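Colleague: I would like to see how this sequence folds:
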Amino acid sequence: MTTSPSEDKNMGGIVAGSLTQNASIKNIFGEPIETQGKTIIPVAQIALGLGGGYGQGQRKAAEPENAEGEGSGAGAGLYTIPKGVFEITDKKTRFIPVVSPQTFLLGTALGLVMGWLLAKRRK
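Modeller: Now for the predicted structure:
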């Protein structure tokens, strides 16, 4: 069983359509919010993965109706990570991160100290 070029294009179209729907600006960044003379725009980081494959070969003896085996498939995944918001006013624009760098650095430092203490204790 072979696939025709139109079926291959259809599979690609299905994957592309799904990505277009899920990776829209509205889904990733959200709608700008206007309040109290400010415009707030949510910001996110995206990661996208694509994959596909095709295979053919002999089917198992338990399936004698067709000695030839064949298959294909494709898929995609989208992952978003919130990063912060842009706050826009008449006077200035600033970026407000979801997690402050100070909190991250403090957590990293505490983790390193704990690891060092545990390693020293084992000796």
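
Colleague: Residue ranges in this protein under the pLDDT threshold?
Modeller: 1-12, 15-16, 18-30, 59-67, 100, 123 (pLDDT under 70).

Colleague: On the three-state scheme, Thr108 is what?
Modeller: Here Thr108 is recorded as helix under DSSP: H, G, I helix; E, B strand; the rest coil.

Colleague: before we move on, what about the one 5 residues further on?
Modeller: With three-state DSSP as the basis, the three-state label of Val113 is helix.

Colleague: And it, how far from Gly107?
Modeller: 11 Å (C-beta to C-beta, to the nearest Å). In short, each C-beta sits where N, CA and C put it, glycine included.

Colleague: so the closest residue to Pro97 other than its chain neighbours is in which element?
Modeller: Excluding the flanking residues, the one nearest Pro97 by C-beta to C-beta, 6 or more residues apart in numbering is Gly84, at 4.1 Å. Using DSSP states H and E, Gly84 sits in strand 68-88.

Colleague: what's whatever helix or strand comes next after that strand packed up against?
Modeller: Proceeding N to C from strand 68-88, the next assigned helix or strand is strand 93-97, under DSSP H and E. Strand 93-97 is packed against strand 68-88, with contacts defined by 3 or more C-beta pairs under 8 Å, 6 or more residues apart in numbering; DSSP states H and E.
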